[in-house]
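> I would like the atomic coordinates for the input below:
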Amino acid sequence: MPVSYDLSGKTAIVTGGAKSIGQAIAQRLLSSGATVHVWDRDESGLRGAVSTKVDVTSREQINHAIDALVGRGERIDILVNNAGYLGTLHGFDQHDPADWRSIIETNLIGTMQVTQLVLPHMRRWGGGRIVNMGSLAGKEGLANLAAYSASSAGIVVFTKALGRELAEANIRVNASPQDPLIQT
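A predicted model of the protein is given here:
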């Protein structure tokens, strides 16, 4: 029997929610009664969700999306940092440094940046929930995915540190692993 939650009256943001795992997360939040905002580089076709084109590597786009949401009187109760980029499979010595930077910027810096800009609003409203999607690659390391593995390890440690920092603020921070070969 699947677990169900009543999220009526709650507002959630799902980064990278236009397809794959992110879309499934957004759908689950919708079916639990939440108002869902999908932030992705691509338009989301998910019925019932508010789709906004946001690149998590752009602080300006994130700020604009937050201002629009808060400007309509909405809160941010739940943040799911799902946006990610796997990169290409290459031996480390053959991996293009530009691809490395793109992986780290999207996966780790994007997660940190969205969280940093949402966090003051959650504090002001007295609480919230943050879920950072990582990968078991961050714990185990995967051959030919060194940059992806490093970014996932960063997400795991960032989540632990932030969770400890916010323990008394009624903001819970957790990580959920993904399979890196199906991440969007």
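
> quick one: low-confidence residue ranges for this structure.
Within the chain, the ranges that satisfy pLDDT under 70 run 1-3, 177-184.

> longest helix anywhere in the chain?
helix 146-165 (DSSP state H).

> tell me the centre residue of the chain?
residue 81 (0.8 Å; Cα atoms, centre = their mean).

> can you show me the helices along this structure?
Applying DSSP H to the chain gives helices spanning 20-31, 59-71, 97-104, 110-125, 137-140, 146-165.

> any idea which of those gets closest to residue 49?
Closest to residue 49 of the helices of the chain is helix 20-31 (Cβ to Cβ; 5.4 Å). To be clear about C-beta, it is placed using only N, CA and C from the backbone, and glycine gets the same treatment.

> how far off centre is that closest one?
Relative to the centre of its chain, helix 20-31 is centred 12 Å away, using Cα atoms, centre = their mean, to the nearest Å.

> residue 85 is in contact with residue 102, isn't it?
Yes - applying Cβ atoms under 8 Å, one finds residue 85 in contact with residue 102, separated by 6.0 Å.

> between those two, which one's more packed in?
residue 85 (21 against 15; other Cβ atoms under 10 Å).

> residues in contact with that one?
Residues in contact with residue 85 (Cβ atoms under 8 Å, 6 or more residues apart in numbering) are 102, 103, 106, 107.

> how much space separates the third one from residue 140?
Right, the one you point to is residue 106. Relative to residue 140, residue 106 is positioned 21 Å away (Cβ to Cβ, to the nearest Å).

> higher neighbour count, those two?
Ranked by neighbour count (other Cβ under 10 Å), residue 106 and residue 140 place residue 106 first, with 22 against 10.

> ok, for the more buried one, nearest residue in space, not its chain neighbours?
residue 85 (4.1 Å; Cβ to Cβ, 6 or more residues apart in numbering).

> try residue 50
residue 37 (4.7 Å).

> could I have the longest helix of the chain exported to CSV, CA atoms only?
Only the C-alpha atoms of helix 146-165 are listed here, as CSV (Å, rounded to 0.1, in the frame of the first residue of the first chain):
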residue,chain,number,x,y,z
ALA,A,146,34.0,11.1,-11.9
ALA,A,147,32.6,14.6,-12.1
TYR,A,148,29.0,13.4,-11.6
SER,A,149,30.1,11.3,-8.6
ALA,A,150,32.0,14.3,-7.1
SER,A,151,28.9,16.5,-7.5
SER,A,152,26.7,13.9,-5.9
ALA,A,153,29.1,13.6,-3.0
GLY,A,154,28.9,17.3,-2.6
ILE,A,155,25.1,17.2,-2.4
VAL,A,156,25.2,14.5,0.2
VAL,A,157,27.6,16.5,2.5
PHE,A,158,25.9,19.8,1.8
THR,A,159,22.6,18.2,2.8
LYS,A,160,24.0,16.8,6.1
ALA,A,161,25.7,20.2,7.0
LEU,A,162,22.6,22.2,6.1
GLY,A,163,20.3,19.8,8.0
ARG,A,164,22.4,20.3,11.1
GLU,A,165,22.5,24.1,10.6
